[in-house]
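> Here's a sequence, model it:
(one chain, ligands or ions: 1)
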Amino acid sequence: MQKINGQDMKRHNVHLVINTIIQYGPISRTELRDKVGLTAATVINITNDLLEKNIIVQEGLATASSKGRKALMLNVNPTAFYILGVSITTRRLIVGLADFRGEVVDSIDVSIQNTITPEETLDSIQQKVQTLIEKHRVPREKLVGIGVAAPGPIDAHTGLITVPPDLPNWRNVPLQKLLEERLMIPVRVANETNAAALAECYAGGDEREFVFFISLFRLGVGGGLVLNGEPLLGFHGSAGEVGHLLVQPGGRLCGCGSRGCLEAMISEDALLEAAAAGGAGEISLEELFARSKNMDPVCYAVVKQAADYLTMAICDVVHMVSPSRIVLGGPLAEMSPQLLELAFRQVHSRSYPHDYSNIRLQLSTFGDQVFLRGALSIAAGELLQQRLETLGS
Ligand SMILES: [Zn+2]
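Residues are numbered from 1 along each chain as shown. Got it, this is the predicted structure:
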């Protein structure tokens with residue numbers, strides 16, 4: 001019994017040390033000791049062992065104390081481990097490889113049709129994974145696993161994709177199991193918006209944050225929450241579905257069967273219908289946003305109306321869950337800074353609750369890579385941590 005406890009303690013300490021180096025590296029041994037609260041001897045033993053295994057490396061000298069003494073800095077070895085991320089949306093498939101420092105080493109990005117079958121998708125993922133690991137000579141044992149960000153709804157425990165509305169050939173696809181069988185490495189599958197929320201949470205540098213992510217796609221709107229570095233899924237697994245908040249009673253019919261949902265009112269079709277009804281003719285979404293930016297009255301009115309609907313949804317989110325930060329991403333958010341600016345201004349101008357004025361609203365920092373970053377974050381948050389837990393064994 002004594003031996004097991006000692007082993008558990010060692011594993012815990014190694015895990016703590018490596019995670020602290022991941023978060024704060026490059027870091028001196030003295031700073032590291034202060035942050036982890038272990039004895040100097042324990043920190044030296046653990047770091048020497050990690051250096052020997054080539055999991056961490058020593059970097060140049062830095063001024064480490066008030067007396068100006070120089071100390072060797074420790075950092076994780078970027079090539080010690082690798083993770084893969086896969087982002088599946090209705091128009092694109094991206095497979096990316098990231099190193100142990102979270103840097104995206106390379107990615108392959110292809111257009112797909114929404115009529116793609118699960119089998120074709122699996123073939124394509126397998127081939128791209130193979131290309132990346134061969135090109136960058138990643139040894140099998142250094143590959144920790146794959147995170148997948150896919151359209152929901154998804155059973156988060158089993159990685160089963162149930163009925164994605166925009167991928168008609170996908171019904172009850174056990175994506176996690178199928179990918180694991182093909183690639184023989186651990187896989188975790190998450191809803192794309194929950195994955196994006198996790199990526200934003202990690203990027204913010206404070207995992208205690210409460211991040212609400214809103215994805216604006218051409219065809220739909222998704223929402224995802226992350227609190228303390230964990231996706232918040234709710235009792236039935238569908239928490240945060242802002243796309244189906246009612247913003248216009250009796251409005252356009254939504255894919256869910258109801259009328260007036262946010263996603264029915266601000267989707268590409270809705271915006272183009274409204275522009276045509278206003279006399280703008282048959283124009284593309286790109287053209288609509290460009291004309292609105294130049295203050296064409298019809299197109300501006302359409303974008304302003306969409307911003308009003310978005311404002312209603314954001315205010316509901318603030319009232320219901322009071323997140324520390326609301327981040328918007330996805331193709332529609334990228335395409336029209338004006339839409340977001342109009343919505344953000346209206347949200348900030350409201351008076352109750354008192355935190356409206358300082359609530360942080362922003363466009364995703366990852367641009368069109370946000371769902372790939374989300375997929376990598378899913379792999380880093382769970383699969384990489386599982387691997388690191390075994391280092392002290
Ligand atoms: Zn709906």
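
> and the longest helix along the chain, what does it pack onto?
For the chain, the helix with the greatest residue count under DSSP state H is helix 297-321. On a contact count with 3 or more C-beta pairs under 8 Å, 6 or more residues apart in numbering; DSSP states H and E, helix 297-321 meets strand 210-216, strand 221-227, helix 262-266, helix 268-277, helix 285-293, strand 325-329, helix 337-349. C-beta: built from backbone N, CA, C; applies to glycine.

> what about the ones you listed, which gets the closest to the ion?
helix 262-266 (6.0 Å; C-beta to the ion).

> Check the stretch 101-250 of the chain for the residue nearest the ion and tell me.
For the stretch 101-250 of the chain, C-beta to the ion, closest residue to the ion: His244, 3.7 Å.

> Quick one: neighbours of the residue nearest to that residue when sequence neighbours are not counted, just the number.
In space, and not counting its chain neighbours, His244 is closest to Cys261: 4.5 Å by C-beta to C-beta, 6 or more residues apart in numbering. Counted with other C-beta atoms under 10 Å, residues neighbouring Cys261 total 28.

> any idea how far the ion is from Cys261?
According to C-beta to the ion, to the nearest Å, Cys261 and the ion sit 3 Å apart.

> Kindly report the same for Leu310.
Relative to the ion, and taking C-beta to the ion, Leu310 is found at 15 Å.

> Near that residue, how many other residues are there?
Residues near Leu310, counting by other C-beta under 10 Å: 28.

> check contacts around Thr39.
Arg33 (C-beta atoms under 8 Å, 6 or more residues apart in numbering).

> gap between it and the ion?
Taken as C-beta to the ion, the span from Thr39 to the ion is 57 Å.

> wait, what's in contact with the residue nearest to His244?
Gly243, His244, Leu245, Leu246, Val247, Gly251, Cys254.

> tell me the pLDDT at it?
On pLDDT, Cys261 comes in at 98.

> what bridges to it?
Beta-bridge pairing of Cys261 under DSSP bridges involves Leu246.

> Would you check how far apart it and Leu328 are?
Remark: distance between Cys261 and Leu328 (C-beta to C-beta, to the nearest Å) = 17 Å.

> next one: Leu340
6 Å.

> So for those two, which sits in the more crowded spot?
Higher neighbour count among Leu340 and Leu328: Leu328, with 24 against 19, using other C-beta under 10 Å.

> from what I can see the more buried one touches Arg360, true?
No: with contact defined as C-beta atoms under 8 Å, Leu328 does not reach Arg360; the gap is 11.6 Å.

> in the worst-scoring helix or strand of the chain on mean pLDDT, what counts as buried?
Counting by mean pLDDT, DSSP states H and E, the chain has its least confident helix or strand at strand 56-63, which shows a mean of 80. Going by neighbour count (16 or more other C-beta atoms under 10 Å), the buried part of strand 56-63 is Ile56, Val57.

> which other residues reach that strand?
So strand 56-63 is contacted by 18, 21, 25-26, 28, 47, 50-51, 69-77, 80 (C-beta under 8 Å, 6+ apart).

> Mind checking which of those residues are in strands?
Per DSSP state E, strands hold the following members of these: Ser28, Lys70, Ala71, Leu72, Met73, Leu74, Asn75, Val76.

> buried subset of these?
The buried subset of the ones in strands among the contacts of strand 56-63 - by 16+ other C-beta under 10 Å - is Ser28, Met73, Leu74, Asn75, Val76.

> Mind pulling up the pLDDT for the fourth one?
If I follow you right, that is Asn75. With respect to pLDDT, Asn75 scores 95.

> The ion contacts on the protein?
Counting by C-beta under 5 Å from the ion, the residues of the chain close to the ion are His244, Cys254, Cys256, Ser258, Cys261.

> residue contacts, the second one?
What it means is Cys254. By C-beta under 8 Å, 6+ apart, the neighbours of Cys254 are His244, Gly260, Cys261, Glu263, Ala264.

> As TSV, those with distance to Leu183 would be great.
Listed next are those as TSV, based on distance: C-beta to C-beta, whole Å:
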residue	distance to Leu183
His244	34
Gly260	43
Cys261	37
Glu263	33
Ala264	38
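
> Just among those residues, which is most surrounded?
Cys261 leads those on contacts (other C-beta under 10 Å) with 28 neighbours.

> ok, what's across the strand from Leu160?
Applying DSSP bridges, one finds that Leu160 bridges with Asp155, Pro174.

> Contacts only, for it.
Per C-beta under 8 Å, 6+ apart, neighbours of Leu160: Ile154, Asn172, Val173, Pro174, Leu175, Gln176.

> how about these, which pair is most distant?
Asn172 and Gln176 (12.7 Å; C-beta to C-beta).

> Neighbour count: the two, which is higher?
Gln176 (23 against 10).

> Settle this for me: the more buried one is touching His157, isn't it.
No: using C-beta under 8 Å, Gln176 is not in contact with His157; the gap is 9.6 Å.

> quick one, helices of the stretch 1-150 of the chain?
Along the stretch 1-150 of the chain, counting by DSSP state H, counting those that start in this stretch, helices occupy 2-24, 29-36, 40-52, 118-135.
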